[in-house]
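Colleague: Build me a model:
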Amino acid sequence: MEIILKEDMPRLGHKNDMVKVKDGYARNYLIPKGYAIAATPSARKMHEENMRQRAHKEEKIRNEAQELAKKLEGLSLTIGAKTSSTGKIFGSVNTIQIAEALAEKGFEIDRKNISIKGDVVKEVGKYKATLHLHREVTVEIDFEVISE
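Modeller: Numbers count the residues shown, from 1 in each chain. Sure, this is the predicted structure:
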């Protein structure tokens, strides 16, 4: 079944994308929750018209994301964590701590738009995180976890 997404959905697509999903997933989850609408011929025409009108706004947003990406390139963060004597972290470092460290530097980025390579950070060391600023703009930053 083809649907038009009304919101960004991780691992599925971005807002206003037309994607194919299994019928049950669309009918039982995406459409009732308001995350998508069925891609009927009339909905497709409305979608195409809306996309034509939003093209200029979308370009402006993409340019802003590219400028932010240029500012973020080469940025490295230091995140402190409580550790044991062997260097293991009590708990783990996740996207919330990275978003807070970016906010301290003056960059407001939602934690949902941050992904950590390797998913789990449980030891002191250097790691990489990917920031998804726009559907076409991503930037990779380095961060180091140190013992407090």
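Colleague: SS state for residue 118?
Modeller: coil (DSSP: H, G, I helix; E, B strand; the rest coil).
Colleague: Nearest spatial neighbour of it, chain-adjacent residues omitted?
Modeller: residue 127 (7.0 Å; C-beta to C-beta, 6 or more residues apart in numbering). In this view, the C-beta of every residue, glycine as well, is placed from N, C-alpha and C.
Colleague: Pretty sure the one you found sits against residue 114.
Modeller: No. Under the criterion of C-beta atoms under 8 Å, residue 127 makes no contact with residue 114, lying 11.9 Å away.
Colleague: Okay, buried residues for the longest helix seen in the chain please.
Modeller: If you go by DSSP state H, the chain has its longest helix at helix 41-72. Judged by neighbour count (16 or more other C-beta atoms under 10 Å), helix 41-72 contains these buried residues: 47, 65, 68, 69, 72.
Colleague: Tell me which stretches of this structure form helices.
Modeller: 23-25, 31-33, 41-72, 95-105.
Colleague: so what's the residue nearest to residue 118 up against?
Modeller: Residue 127 is in contact with 93, 116, 117, 118, 121, 142, 143, 144, 145, counting by C-beta atoms under 8 Å, 6 or more residues apart in numbering.
Colleague: for residue 6, same thing?
Modeller: 15, 34, 35, 36, 37.
Colleague: Ramachandran angles for it?
Modeller: Backbone torsions for residue 6, taken as degrees, to the nearest 10, come to phi -100, psi -10.
Colleague: on that earlier part again, now, which of the contacts of residue 6 sits nearest residue 134?
Modeller: The closest of these to residue 134 turns out to be residue 15 (C-beta to C-beta; 11.4 Å).
Colleague: residue contacts, residue 36?
Modeller: By C-beta under 8 Å, 6+ apart, the neighbours of residue 36 are 3, 4, 5, 6, 9, 26, 30.
Colleague: Show me how to select, in PyMOL, the buried members of the residues you listed.
Modeller: PyMOL command restricting these to the buried ones, with burial defined by 16+ other C-beta under 10 Å:
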select buried, resi 3+4+5+9+26+30
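Colleague: I'd like the contacts of residue 36 written out as JSON lines, with distance to residue 78 and pLDDT added.
Modeller: Rendered in JSON lines, the data for these read as follows (distance: C-beta to C-beta, whole Å; pLDDT from 0 to 100):
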{"residue": "3", "distance to residue 78": "43", "pLDDT": "95"}
{"residue": "4", "distance to residue 78": "43", "pLDDT": "95"}
{"residue": "5", "distance to residue 78": "37", "pLDDT": "94"}
{"residue": "6", "distance to residue 78": "39", "pLDDT": "92"}
{"residue": "9", "distance to residue 78": "33", "pLDDT": "87"}
{"residue": "26", "distance to residue 78": "44", "pLDDT": "94"}
{"residue": "30", "distance to residue 78": "40", "pLDDT": "94"}
